[in-house]
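> Sequence and predicted model, in that order:
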Amino acid sequence: MENNFNLENELFPNELKLLLEILAIEKEEEYDYFSNYSFREIDWKLFLQLVMHHRVYPIIYLKLKTLDEKIIPQFVILTLYKEYQKNTYSMLALCREMEQISNLFTENHIPILFLKGPVIAADIYGDISLRTSKDLDILVPMNTLHKADKLLLSFGFGKTTGPYILNEWKWRTHHIVYFHPERNIQLEIHWRLQPLPSSEPGFNELWERKRVSTITSYPVYFLGKEDLFFFLISHGSRHAWSRLRWLLDIDKIVRSGINLNEVNLLLKNYQSIHLVGQALILASQLLKTPINEEMKLLNVKSRSKELAHKALFVIKDRCLLDTNYYKHYCLSLNSTNLQKIYSFMLLFYPNSADAMTLRLPKSLHFLYFPLRPFLWVFRKTRVKPGISQN
């Protein structure tokens, strides 16, 4: 069926339009389209920059490598091939690490779910080399965090986040980042899928619906299909779909088929219908994702359309991620009054930046609450032009 939405993407640069056209190709015969395509106005260096930023170079390489070099400059194909190779080696290394981490946590009686990395590349694309991933993201029950932390530190990992004050990590974040210097592996431990105030299933519920990956010899568990769809949409919307890789994930899952009854139940329970509507609108318009009648019902909400239009500006200009536009966008994702109140209150909760601005002994940390507005103003007035601070 036809999609009855009209996003204003005509303002996209030619290079981004071309990237979207290539990503939307599904059948081999559709490549004939490019024999009559005008490439005269394409800045190929900018095109490569966009491909790298959106983390879609494995897919783009496989789709372009068969085209005549008279159509696509040879240096473009060679650059994509090198990145494709590097990513393949990287994903193989992550596979080995993923298996070791799963073994380590299981032997120490910590249940673990892998959120991203090679498992979802294999699940969504059928090949670990077709999706990029810079690290491993795992989810554990919150009451096992201390044990998991000690385990990773003993295994050679070091923390790259913190220090936090006044338990801010519980309210502002949803993961801790670790890095292994010898193996050059980054790992994120999550205790939530997304930061507060988002609403989401608990670990036990996700664990009951888990799947086991077939790409490793030792069991590696990851999210059920509908839970993965829910997680990827929550994650992509939070980042305003600023990387097309996230939207491509949604496109592939929809094309492979998904149980919308289960998805709808998740959406209603966790107030996320507007986010799925946003994702489907963007995917159908930018990647030509087929939308059936049942999915179309998720897209008719004006709020979903409004969020899709807002995200479009970030997809076009990723620099907006460092501006107030993105902060306002994030606030617009809140669906309940309670979430809106929580987001507002969080503005007044101290963070580590306050502690760096004014160091107080731990016994006086409570003073950061009344001092926070003044410390924030002080930081803003000290920032040099062109430099942004969180």
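Received, thanks.
> Strands of this structure, start to end?
For the chain, the strands defined by DSSP state E occupy 113-114, 136-139, 158-159, 175-180, 185-190, 211-212, 221-222.
> Need those in TSV (columns: distance to A353, mean neighbour count and mean pLDDT).
Every residue, glycine included, has its C-beta placed from N, CA and C. Output for the strands of the chain, formatted as TSV (distance: least, C-beta to C-beta, whole Å; neighbours: other C-beta atoms under 10 Å; pLDDT from 0 to 100):
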stretch	distance to A353	mean neighbour count	mean pLDDT
strand 113-114	31	24	98
strand 136-139	24	23	96
strand 158-159	18	12	90
strand 175-180	17	18	92
strand 185-190	21	21	94
strand 211-212	39	13	96
strand 221-222	34	22	97
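> Same list (these) but as JSON lines, adding distance to K301.
As requested, those are exported to JSON lines (distance: least, C-beta to C-beta, whole Å):
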{"stretch": "strand 113-114", "distance to K301": "30"}
{"stretch": "strand 136-139", "distance to K301": "29"}
{"stretch": "strand 158-159", "distance to K301": "41"}
{"stretch": "strand 175-180", "distance to K301": "30"}
{"stretch": "strand 185-190", "distance to K301": "29"}
{"stretch": "strand 211-212", "distance to K301": "30"}
{"stretch": "strand 221-222", "distance to K301": "30"}
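> which stretch among those strands comes nearest L247?
For the strands of the chain, the distance to L247 is smallest for strand 136-139, at 18.5 Å, taking C-beta to C-beta.
> That closest one packs against which elements?
helix 74-107, strand 113-114, strand 185-190 (3 or more C-beta pairs under 8 Å, 6 or more residues apart in numbering; DSSP states H and E).
> Of the ones you listed, which stretch is the most buried?
Ranked by mean neighbour count, those are led by strand 113-114 with a mean of 24 (mean count of other C-beta atoms under 10 Å).
> for it, packing partners?
strand 136-139, helix 203-208, strand 221-222.
> how does it look with 10 Å?
For strand 113-114, the elements it packs on are helix 74-107, strand 136-139, helix 203-208, strand 221-222, judged by 3 or more C-beta pairs under 10 Å, 6 or more residues apart in numbering; DSSP states H and E.
> Which other helices and strands does the third one contact?
Think helix 203-208. By 3+ C-beta pairs under 10 Å, 6+ apart, helix 203-208 packs against strand 113-114, strand 136-139, strand 221-222, helix 225-238.
> any idea how far G236 lies from K150?
33 Å (C-beta to C-beta, to the nearest Å).
> more crowded one of the two?
Shown here are G236 and K150; by other C-beta atoms under 10 Å, G236 has more neighbours (24 against 11).
> What sits closest to that one if chain neighbours are left out?
Nearest residue to G236, sequence neighbours excluded (C-beta to C-beta, 6 or more residues apart in numbering): W246, at 3.8 Å.
> Give me the distance between the one you found and Y84.
19 Å.
> Adding distance to F366, write the helices and strands packed on helix 203-208 out as JSON lines.
As requested, the helices and strands packed on helix 203-208 are arranged in JSON lines below (distance: least, C-beta to C-beta, whole Å):
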{"stretch": "strand 113-114", "distance to F366": "36"}
{"stretch": "strand 136-139", "distance to F366": "32"}
{"stretch": "strand 221-222", "distance to F366": "41"}
{"stretch": "helix 225-238", "distance to F366": "30"}
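> Tell me which of the ones you listed sits nearest to E188.
Closest among the helices and strands packed on helix 203-208, using C-beta to C-beta: strand 136-139, at 4.6 Å.
> Any chance you could list what contacts that closest one?
94-95, 97-98, 101-102, 105, 110-120, 148, 174-175, 177-178, 185-193, 203, 206-207, 221-223, 231, 235 (C-beta atoms under 10 Å, 6 or more residues apart in numbering).
> I250 - how many residues pack around it?
23.
> Quick one: residues contacting it.
Contacts of I250 by C-beta under 10 Å, 6+ apart are 124, 229, 232-233, 236, 241, 258, 276, 279-280, 282-283, 287, 289.
> Point out the least confident one among these.
Within the contacts of I250, pLDDT reaches its minimum at I258, with 86.
> I figured it was touching F229, is that so?
Yes: in this structure I258 lies within contact range of F229 using C-beta atoms under 10 Å: 5.9 Å.
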